[in-house]
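*Asks:* coords please:
(chains A, B, C and D)
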4 protein chains.
Amino acid sequence: MTTTFSSIATQLEAQAIELPSWAFGNSGTRFKVFSTPGTPRTIQEKIQDAATVNRYTALAPKVALHIPWDTVTDYAALGAFAADHGVSVGTVNSNTFQDDVYKFGSLTHTDASVRRQAIDHHFDCIDVMHATGSQDLKIWLADGTNYPGQGDLRGRQDRLADSLQQIYARLGDDQRMVLEYKFFEPAFYHTDVPDWGTSFAQVSALGDKAMVCLDTGHHAPGTNIEFIVMQLLRLGKLGSFDFNSRFYADDDLIVGAADPFQLFRILFEVNRGGGFGADSPVAFMLDQCHNVEDKIPGQIRSVLNVQEMTARALLVDTGALRTAQDAGDVLGANAILMDAFYTDVRGDLAAWRESRGLPADPMAAYAASGYQQKIAADRVGGQQAGWGA
Amino acid sequence: MTTTFSSIATQLEAQAIELPSWAFGNSGTRFKVFSTPGTPRTIQEKIQDAATVNRYTALAPKVALHIPWDTVTDYAALGAFAADHGVSVGTVNSNTFQDDVYKFGSLTHTDASVRRQAIDHHFDCIDVMHATGSQDLKIWLADGTNYPGQGDLRGRQDRLADSLQQIYARLGDDQRMVLEYKFFEPAFYHTDVPDWGTSFAQVSALGDKAMVCLDTGHHAPGTNIEFIVMQLLRLGKLGSFDFNSRFYADDDLIVGAADPFQLFRILFEVNRGGGFGADSPVAFMLDQCHNVEDKIPGQIRSVLNVQEMTARALLVDTGALRTAQDAGDVLGANAILMDAFYTDVRGDLAAWRESRGLPADPMAAYAASGYQQKIAADRVGGQQAGWGA
Amino acid sequence: MTTTFSSIATQLEAQAIELPSWAFGNSGTRFKVFSTPGTPRTIQEKIQDAATVNRYTALAPKVALHIPWDTVTDYAALGAFAADHGVSVGTVNSNTFQDDVYKFGSLTHTDASVRRQAIDHHFDCIDVMHATGSQDLKIWLADGTNYPGQGDLRGRQDRLADSLQQIYARLGDDQRMVLEYKFFEPAFYHTDVPDWGTSFAQVSALGDKAMVCLDTGHHAPGTNIEFIVMQLLRLGKLGSFDFNSRFYADDDLIVGAADPFQLFRILFEVNRGGGFGADSPVAFMLDQCHNVEDKIPGQIRSVLNVQEMTARALLVDTGALRTAQDAGDVLGANAILMDAFYTDVRGDLAAWRESRGLPADPMAAYAASGYQQKIAADRVGGQQAGWGA
Amino acid sequence: MTTTFSSIATQLEAQAIELPSWAFGNSGTRFKVFSTPGTPRTIQEKIQDAATVNRYTALAPKVALHIPWDTVTDYAALGAFAADHGVSVGTVNSNTFQDDVYKFGSLTHTDASVRRQAIDHHFDCIDVMHATGSQDLKIWLADGTNYPGQGDLRGRQDRLADSLQQIYARLGDDQRMVLEYKFFEPAFYHTDVPDWGTSFAQVSALGDKAMVCLDTGHHAPGTNIEFIVMQLLRLGKLGSFDFNSRFYADDDLIVGAADPFQLFRILFEVNRGGGFGADSPVAFMLDQCHNVEDKIPGQIRSVLNVQEMTARALLVDTGALRTAQDAGDVLGANAILMDAFYTDVRGDLAAWRESRGLPADPMAAYAASGYQQKIAADRVGGQQAGWGA
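*Replies:* Numbering: from 1, shown residues only, chains lettered A, B, ... in the order given. Sure thing, here's the model as predicted:
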């Protein structure tokens, strides 16, 4: 290992990961949503929790909103509230899957009036972006069908292209659209944006401000995700990540929890493709569900996982790696990669955090802070936030 | 095709498929549950709907209950209500996944008091079975963990064995327990009964009254389900089916909708292994979610799919098949199987239904009956049934 | 079913499916290749067998070559030989996976001299195309790596783009290149063209004469293949099919054998997207391995399967389907599709074949012809063809 | 981390991993087998290579044979040869997939004479075991079918049970049989021993000397392998491991290369279930293919990977883990596991190796030894070993 921790510290300083407001609310499966004491009732309380994550890690300066779950009457005030807590508003996520009219589709619907409603909802989201200073509009489309024959795959794709064009045209000069793809769920036969190829084809037809959003949990079994990261960076179309991890489907577990080596390889390709740094177009976000674990420490653990794996990925001796690759030294090249992955960076990271005035162990510091007990005591009554509340 | 439709008609007459009461309520995904006009508010209304399916098809004489979703004060009266509508109470399904105490497990929980509560719930279910004349107790266990290390896999398995033993001991002489397995969901790292091998090992340790329940949607991608059907029949442990179909995970689509040829192969192995007929220990049930389609016709379509594929499976010329197999005639043997699968039995089935006083086309007859419009008009107000309501 | 068989007969007449020369040679797995009496020793004998398939079906007027497996000294003479047997030379398939220099890649190799050799091989293939009148150059690239770190994913992709550009520039005015993608195998960590998105991005960068080849066995578990068919047709980039079927990986079984309903859905989307007919850019090919079944009847069965499913797909009442889709009638729309799938077209097809001077049952006619016995008796000695011989 | 390296050193000393003789021969895919200078021509040369792995690691005292690939005339002499090189003969692997008569099955074949031949082959293997002092007979059965209908699933299973019974009856008092299962390949529709449940049911019917062999690459996508390890240990039926790793199918990559965290979890469950130590019935073997990497260092890397992950697994603070589990502390329990996984044990292991007279870095020591150059120079001419040679 010729690359040293000190040589990568500057890169780590620049790391910023958006937290999704909904990660602080209750979530679960179709079978049960367990509630937890202290769960936020309002977007303001979600922002307080997100700001807490940032206070202990300095890794999470932005909070992504979800409309309408985070609807308020005064978005400028919301932006100011966030700023007061040391964070800002990040990506605005639209929602076209919970209104009854969207049962058979939204931007792809055969009924022009439903498409109109869905497009208008995105216009509203763009208004929120203007009011809050958010730069990215994220579209995750739940559209799809459950049975062969239920919908016309081709017609839906054409209508999607048309709807996206209208939304794209509304974007401000400094605003972007990122189009997320997902293998399946909630649709069980076909999904209208099921793979990176479809998202890439659709956003390429729109223009430079449209990019692909890669959710790490949204792929078929066995998919080589770091390859897609490489390809999208190469094509100039990787707009953002939704980080999480999975063993089976879209499990939305803590990023790095299921396969830390995969996360390492993904972050290695991000670095290889210029995805870190000030000029990178890539926004890094979490998109997770803390169904059974505590939410705030779950988010702290998540951003730390990304940080720790980023450090390992940056430690790869790329010069030696290239030499081994060019020599056809399979085991040697692999060993150089694994050497970085197996390096225990936790001690160096702890010391470096302290040097920056942060707790060496953010998990322990949060646990000792009493914050969890305080919100459990304070946030009594009202309606705990969840998906749709 | 030497086997003729008339030669299989008697076998078809005996076909009986249990309907799950919850199929008539609203269901959906974690993202949204769409409601529908006419959805039942009570178990009585669910039974009315199930009886309607039976009236048009003569295929569905039993209704499976789910406790506590279908809790009533007087089960004997409920049984009588069902009888009045021409059906009876089938399998009783327990539920140990919706009480807050089950967040980290039920029959496998480390806390003996939680296990006690879960075991007692099954005792209550057995009481319901006595009161209603139900013969089968079905246990689908949602127990599992989301993160490596969260639970002790081995200890959980041992506790499961102990809990099941207690429940088994409570069964009446004519009662059975069927233990369902599921690959994943709602747990996303490990599931305590994830595969047929685990269910088989657990029920084998209990005794003759414990059997395996095979849900066709609960397997890993690519699993050869008909092989498991064959194996469990061979081992004398196939207690029941939960029929549905899937493209991805536990999609709970209409049986036969995703891969009709797979359903054909499954039913062929049922027949091969003696799973049809009066002496068969196999109970046939549906377990589906009609998230976007109408529920009653969805159930009618489902039992018809099973009937149509059963007919095709029974039409296989097994003598010719055996000859081709023994001769190593790969293409010939496959052709004999496909010949039955490709035979359009719909006309023969329609005529045969009419000969029995049933509508030739149950879907059309139901649509023309006005039942859907009537329940939509009548069932106004109250709380529509769903999962947990 | 308002669409009648007679109304689709003209479309069926135009159907043409290329046979791969290698399907007539021996094939197997890494564990064993079983040989069969009568297996061709030369490309001429393969063409004789392919012509036999065409003689019994009128479905297979072209034979795809694989270079160097089918290398001859006089390609003009080979073309004439094919013509004498009533067929012509179809797609020319290149091979950059069996020379020792390709151990770590071919068109993607870090060593320019290896890339040069691989590019030159494609120039040779183009020469074969000119000499035989073949129009399509098919590139299936086995390039990839087995271990993380072994290769530089990004650099390999860039080199691939450069190599393809050189090959593309060599194409004649009436010639095309089709780039096949494959999920995995023979590479087990990453594959350089693993998905349709990568193939699409690469061929889009080349120009109008470069298209995507979709092999139905080359996808991740659960992938909705008909969606990709729809999308590539929509994007104008579906150049060809490699038909086969699979239960697990790239099993290369007879098309339609594993999931006939999936084949039906694929062909329905081909029709929906204008992939049939004189103006279609889509070439239909088989790419299969008859490891345990007889090869010639295996190919006959395959083209018949495509024909039978095409007939069913053409029978879909698209007007009624559109009406049901627009009405949100999920079960109705699905029923219209299934109605066509379940229609037994075999009798109509048999009669129609006879009306065209073809055997009603090509499988039986071939079996009765004595051809198999004749080649088994004649083709004694020499080296049976296989992969690499 | 309260568990220290010194406290686990004794356990590490006992670690022993069998090497498969075939790992030193050439292997590849159906597309190409690349040869390498220095590849053994004989079983003696394979044993020399295996002994070399053991010399640098002290981890590999046994060599598994494959019959007939390793057939010799004098097995006693072979055992002595091995002893002279500091190793002994381990598991004897039978082969019923390469003789032409096994095209449609071996122990499951419909033809009694073919079953007889396959059973007799196992008797021969048992003779080899007696002659060499080998204790385990491993049966991996390639039997299966490629097409629905090709075989009678049930009859094949019954014949398998009968054949196994005959082989089992021939075992000596100190000999065992381990029955391996595999999801698919070389059969592509059904495999006769496809899952642990089938292997478990078959060996349970035989007796105490029959156990299950778990090959880590032989599962459906997403399967939780450590759960199966736990279950088989709990049921007393885990006889042996075939270690390797995979991204897709049975890729046979170096163990730990694809998902090191999974290997860690597997070894943690081995320890949890008493699978380490003198009394354990579990035999640890490699079963890998070094298609593109050097074979001897590939094997060294493999046993080191197992050793390193075993060390990490032994370091888990099981007391603290149990406490966190019992408290429902999801994140805490997970962190305790991850803490051990992320601990860099490589320095401690290097020092410990040196203290035992072994090279601190076996990979570097082997590379510097000149052994590879020597065998490349010496092993010229003859037929390099492969699968079937």
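
*Asks:* what residues does the stretch 201-350 of chain A have near chain C?
*Replies:* Contact residues (C-beta under 8 Å from any C-beta of the partner chain) of the stretch 201-350 of chain A with chain C: A:201, A:219-224, A:226-228, A:230-231, A:233-235, A:261, A:265, A:269, A:272-273, A:321-322, A:324-326, A:328, A:330-331, A:333-338. For every residue, glycine as well, the C-beta is placed using N, CA and C.

*Asks:* so stretch A:33-51, near chain D or not?
*Replies:* No - against chain D, stretch A:33-51 shows no contacts by C-beta under 8 Å from any C-beta, the least distance being 11.2 Å.

*Asks:* count the residues that sit near residue A:151.
*Replies:* The burial count assigned to residue A:151 is 27, neighbours taken as other C-beta atoms under 10 Å in any protein chain shown.

*Asks:* ok, it touching residue A:157?
*Replies:* No - between residue A:151 and residue A:157 no contact is recorded; they are 10.3 Å apart, counting by C-beta atoms under 8 Å.

*Asks:* okay, and the common contacts of those two?
*Replies:* Common contacts of residue A:151 and residue A:157, defined by C-beta atoms under 8 Å, 6 or more residues apart in numbering or on different chains, comprise residue A:108.

*Asks:* what comes up buried for stretch A:366-373?
*Replies:* Applying a neighbour-count criterion of 16 or more other C-beta atoms under 10 Å in any protein chain shown, one finds A:366, A:367, A:371, A:372 buried in stretch A:366-373.

*Asks:* adding pLDDT, distance to residue D:50 and secondary structure, write those out as TSV.
*Replies:* Below are these laid out as TSV (pLDDT from 0 to 100; distance: C-beta to C-beta, whole Å; DSSP: H, G, I helix; E, B strand; the rest coil):
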residue	pLDDT	distance to residue D:50	secondary structure
A:366	98	52	helix
A:367	98	50	helix
A:371	98	58	helix
A:372	97	56	helix
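
*Asks:* now do the helices in the stretch 1-150 of chain A.
*Replies:* Ranges of helices in the stretch 1-150 of chain A, per DSSP state H, counting those that start in this stretch, are A:5-13, A:43-57, A:75-84, A:112-132.

*Asks:* deepest of those, which one?
*Replies:* Mean neighbour count (mean count of other C-beta atoms under 10 Å in any protein chain shown) peaks for helix A:43-57 among these, with a mean of 23.

*Asks:* residues in contact with the residue lying closest to residue A:86 once chain neighbours are set aside?
*Replies:* Nearest in space to residue A:86, with sequence neighbours left out and distances taken as C-beta to C-beta, 6 or more residues apart in numbering or on different chains, is residue A:51 at 5.5 Å. For residue A:51, the contacting residues are A:63, A:82, A:85, A:86, A:87, by C-beta under 8 Å, 6+ apart.

*Asks:* helix, strand or coil for the residue of the stretch 101-250 of chain A found nearest chain C?
*Replies:* The minimum distance from the stretch 101-250 of chain A to chain C, using C-beta to the nearest C-beta, falls at residue A:197 (2.8 Å). Three-state call for residue A:197 (DSSP: H, G, I helix; E, B strand; the rest coil): helix.

*Asks:* so what's it up against?
*Replies:* Going by C-beta under 8 Å, 6+ apart, the list of residues near residue A:197 reads C:195, C:196, C:197, C:198, C:200, C:228, C:231.

*Asks:* show me where the stretch 201-350 of chain A has its strands.
*Replies:* A:210-215, A:238-243, A:283-286 (DSSP state E, counting those that start in this stretch).

*Asks:* quick one, which of those is nearest to residue B:19?
*Replies:* Nearest to residue B:19, of all the strands of the stretch 201-350 of chain A, is strand A:210-215, at 37.0 Å by C-beta to C-beta.

*Asks:* anything in that closest one near chain B?
*Replies:* No - against chain B, strand A:210-215 shows no contacts by C-beta under 8 Å from any C-beta, the least distance being 14.3 Å.

*Asks:* that strand packs against which elements?
*Replies:* Under the contact definition 3 or more C-beta pairs under 8 Å, 6 or more residues apart in numbering or on different chains; DSSP states H and E, strand A:210-215 sits against strand A:136-140, strand A:176-180, helix A:196-204, helix A:225-234, strand A:238-243.

*Asks:* hmm, residue A:384 and residue A:35 touching each other?
*Replies:* Yes - with contacts counted by C-beta under 8 Å, residue A:35 reaches residue A:384, the gap being 5.6 Å.

*Asks:* between these two, what contacts are shared?
*Replies:* residue A:26.

*Asks:* what's around residue A:381, how many residues?
*Replies:* Residue A:381 has 6 nearby residues by other C-beta under 10 Å.

*Asks:* got the contact list for it?
*Replies:* The contact partners of residue A:381, taken as C-beta under 8 Å, 6+ apart, number zero.

*Asks:* can you tell me the SS state at it?
*Replies:* With three-state DSSP as the basis, the three-state label of residue A:381 is coil.

*Asks:* show the end-to-end separation of stretch A:105-115, please.
*Replies:* 8 Å (C-alpha to C-alpha, to the nearest Å).

*Asks:* please apply the same query to stretch A:103-113.
*Replies:* 14 Å.

*Asks:* need the contact partners of it.
*Replies:* A:96-97, A:102, A:114-115, A:117-119, A:139, A:141-145, A:150-152, A:155-157, A:159-160, A:163-164, A:192, B:34, B:292, C:325-326, C:328.

*Asks:* narrow those to those that are buried.
*Replies:* Burial by neighbour count, 16+ other C-beta under 10 Å: within those this picks out A:96-97, A:102, A:114-115, A:117-119, A:139, A:141-145, A:150-152, A:155-157, A:159-160, A:163-164, A:192, B:34, B:292, C:325, C:328.

*Asks:* which regions of chain A sit below the pLDDT cut-off?
*Replies:* Counting by pLDDT under 70, chain A contains low-confidence ranges at A:1-2, A:389.

*Asks:* got the phi and psi for the residue of the stretch 51-200 of chain A found nearest chain D?
*Replies:* Closest to chain D within the stretch 51-200 of chain A is residue A:183: 12.7 Å, counting by C-beta to the nearest C-beta. The phi/psi pair for residue A:183 (degrees, to the nearest 10) reads phi -60, psi -50.

*Asks:* number of nearby residues for it?
*Replies:* Neighbourhood size, residue A:183 [other C-beta under 10 Å]: 21.

*Asks:* residues touching it, list them.
*Replies:* Residues in contact with residue A:183, defined by C-beta under 8 Å, 6+ apart, are A:191, A:194, A:195, A:218, A:219, A:220, A:249, A:250, B:248, C:222.
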